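Peer 1: curious how this folds, go ahead:
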Amino acid sequence: MSKDEFRVNKQAIIAVFLCLVIAGLAFANRRMDSRNKNENPVVTKGDQPTAIERRSFLGDEGEMLQAEGDKVYIDQSRVDGGNMHAFNYYSEKKKKTIYFFIVKASDDTYRVAANACEVCFDSLKGFKQIGNQIRCENCRVTYSKDQIALQKGGCNPRPIDKDAEIIDGQLVINIADIEKTADLF
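Peer 2: Got it, this is the predicted structure:
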């Protein structure tokens, strides 16, 4: 390799490195801006500030479910048909509402996933069904219903249960499994 080729390669490597650094800084800044936008201003009572609360969930909240012991029960007939069905559960333990959805996959399993993912959760927009696809309402990435609750990480809806148990015509979901996704909300 000649000195000129080496110099050109070195400059290209430096240029790529600088682009990656700038992109990383822009991404970090965007995440910080997004987090700051998701917080309401501190509300004070006298001189004492109260806790900062996140703004409301913007996705499909669905129906609020109540626990029966350490589980929630949903009539199987309500979630048949292959459409996405949104629900939420207020966790006393986590002191927040957790949003999730259920969809029946083509293999007749009931997939339960958080209505948020590791990447876009700060947007509080959740997922929506478009035809046979489940779409992130923030970044617009789509997934087949058959992929739901199988993969964790990235923009995948965080799995809660990939094959919800059915007992006497009721889907049974463990509260502990739902609460594992509380950090997204």
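Peer 1: which stretches of this structure form helices?
Peer 2: 3-37, 175-179 (DSSP state H).
Peer 1: between those, which gets the lowest average pLDDT?
Peer 2: Lowest mean pLDDT within those: helix 3-37, at a mean of 49.
Peer 1: give the contact list for the closest residue to S106 other than its chain neighbours.
Peer 2: Closest residue to S106 apart from its sequence neighbours, by Cβ to Cβ, 6 or more residues apart in numbering: D146 at 5.5 Å. In short, each C-beta sits where N, CA and C put it, glycine included. D146 makes contact with A105, S106, D107, according to Cβ atoms under 8 Å, 6 or more residues apart in numbering.
Peer 1: next one, pLDDT for D146 please.
Peer 2: Confidence at D146, expressed as pLDDT, is 92.
Peer 1: neighbour count, distance to K125 and pLDDT added to the contacts of D146, as CSV?
Peer 2: Shown next, in CSV, are the contacts of D146 (neighbours: other Cβ atoms under 10 Å; distance: Cβ to Cβ, whole Å; pLDDT from 0 to 100):
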residue, neighbour count, distance to K125, pLDDT
A105, 18, 23, 94
S106, 10, 26, 92
D107, 8, 28, 94
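Peer 1: quick check, nearest of the residues you listed to K94?
Peer 2: The nearest member of the contacts of D146 to K94, counting by Cβ to Cβ, is A105 at 27.8 Å.
Peer 1: distance of that closest one from K96?
Peer 2: Note on A105: its distance to K96, by Cβ to Cβ, to the nearest Å, is 28 Å.
Peer 1: ok, back up a step: from the contacts of D146, which single one is nearest G154?
Peer 2: Among these, and counting by Cβ to Cβ, the member closest to G154 is A105, at 19.3 Å.
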